[in-house]
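Q: what follows is a protein structure lacking sequence information:
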Ligand code: ADP
Ligand code: ADP
């Protein structure tokens, strides 16, 4: 039976990097609201207000991301477990996810909070680059891309926008951690160290 797992952490914590590895190894799909929103933006499907909110480092409204995730959860590959990356980001979203899974007789089995010293997060995000063909995440210093990669620099990976995202995390998203603590499914993982080392810690927390 596929599990329902989620990753929560500040921007740059390593959620996307770890989600790709875990999803592949656990054979469950990675459901990333950030990736879905960026794909919609690239396809010209986001309103100017939503695009602006994202680029400036704000959150998009709960009802928008909840609709997107409901849609994605109904696709066949997500019916039997999923890895949620970057969702929920507010307690309202966490309650909505609980209700959606509850209708299927399911719940979040494990919520992994990836912890990284805030002082490292600006460098992690500002030097992040993504290969637009493969979606692979690189870092100019810690995980340099191959020479043939077609690199994209996210519009919100500027120092100004990242500072706003860190504020949004502290204000709205950090409350998701006590939410899952109360549900009895929270595991905290140190996100500083080699990518492989962090993966091992997550697997240990999952009991795999
Ligand atoms: P990060 O790498 O900073 O964690 P993501 O790729 O997950 O970023 O998200 C990028 C942006 O997309 C966020 O700053 C926010 O504007 C929007 N976004 C993504 N997921 C959500 C969500 N669950 N709720 C509200 N906004 C979201
Ligand atoms: P998030 O999805 O939480 O915003 P990412 O997985 O995109 O985070 O990682 C942010 C940046 O940090 C990327 O450039 C990535 O290559 C880099 N990174 C991820 N994990 C580590 C790690 N353990 N050590 C150093 N850099 C990392």
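A: Perfect, thanks for sending it. Keep in mind the model is a prediction, meaning the values are calculated, not measured. Ligands and ions are numbered 1, 2, ... in the order given.
Q: CA only for contacts and neighbour counts going forward, please
A: Fine.
Q: spell out which residues of this structure are next to ligand 2.
A: 11-17, 124-125, 127-129, 137-139, 142-143, 191-195 (C-alpha under 6 Å from any ligand atom).
Q: go back to those residues and keep what's next to ligand 1.
A: By C-alpha under 6 Å from any ligand atom, the members of the residues of the chain next to ligand 2 lying near ligand 1 are 11, 12.
Q: derive a ChimeraX selection command for the buried subset of the residues of the chain next to ligand 2.
A: Selection of buried members from these for ChimeraX, criterion 16 or more other C-alpha atoms under 10 Å:
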select :11,12,13,14,15,16,17,124,125,127,128,129,137,138,139,191
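Q: among the residues of the chain next to ligand 2, name the ones in strands.
A: Those of the residues of the chain next to ligand 2 mapping onto strands are 128, 129, 137, 138, 139, per DSSP state E.
Q: OK, contacts around the first one?
A: Taking C-alpha atoms under 8 Å, 6 or more residues apart in numbering as the definition of contact, the neighbours of residue 128 are 137, 138, 139, 140, 153, 157.
Q: if we use 7 Å, what do you get?
A: For residue 128, the residues meeting the contact criterion (C-alpha atoms under 7 Å, 6 or more residues apart in numbering) are 138, 139, 140, 153.
Q: now the first one. Nearest residue, chain neighbours left out?
A: So that's residue 138. Using C-alpha to C-alpha, 6 or more residues apart in numbering and skipping the chain neighbours, the partner closest in space to residue 138 is residue 129 (5.2 Å).
Q: how about CSV for the contacts of residue 128, with pLDDT added?
A: Output for the contacts of residue 128, formatted as CSV (pLDDT from 0 to 100):
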residue, pLDDT
138, 98
139, 98
140, 97
153, 97
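Q: closest one to residue 44 out of those residues, please.
A: residue 153 (18.3 Å; C-alpha to C-alpha).
Q: for this protein, what spans make up the helices?
A: Along the chain, counting by DSSP state H, helices occupy 15-26, 33-42, 48-56, 62-73, 91-103, 118-126, 159-168, 176-183, 195-206.
Q: could you dump the ones you listed into JSON lines with mean pLDDT added?
A: Converted to JSON lines, the helices of the chain look like this (pLDDT from 0 to 100):
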{"stretch": "helix 15-26", "mean pLDDT": "97"}
{"stretch": "helix 33-42", "mean pLDDT": "96"}
{"stretch": "helix 48-56", "mean pLDDT": "96"}
{"stretch": "helix 62-73", "mean pLDDT": "97"}
{"stretch": "helix 91-103", "mean pLDDT": "98"}
{"stretch": "helix 118-126", "mean pLDDT": "96"}
{"stretch": "helix 159-168", "mean pLDDT": "97"}
{"stretch": "helix 176-183", "mean pLDDT": "98"}
{"stretch": "helix 195-206", "mean pLDDT": "98"}
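Q: okay, those helices in JSON lines with distance to residue 7 next?
A: JSON lines is the format used below for those (distance: least, C-alpha to C-alpha, whole Å):
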{"stretch": "helix 15-26", "distance to residue 7": "6"}
{"stretch": "helix 33-42", "distance to residue 7": "12"}
{"stretch": "helix 48-56", "distance to residue 7": "20"}
{"stretch": "helix 62-73", "distance to residue 7": "15"}
{"stretch": "helix 91-103", "distance to residue 7": "12"}
{"stretch": "helix 118-126", "distance to residue 7": "16"}
{"stretch": "helix 159-168", "distance to residue 7": "16"}
{"stretch": "helix 176-183", "distance to residue 7": "10"}
{"stretch": "helix 195-206", "distance to residue 7": "10"}
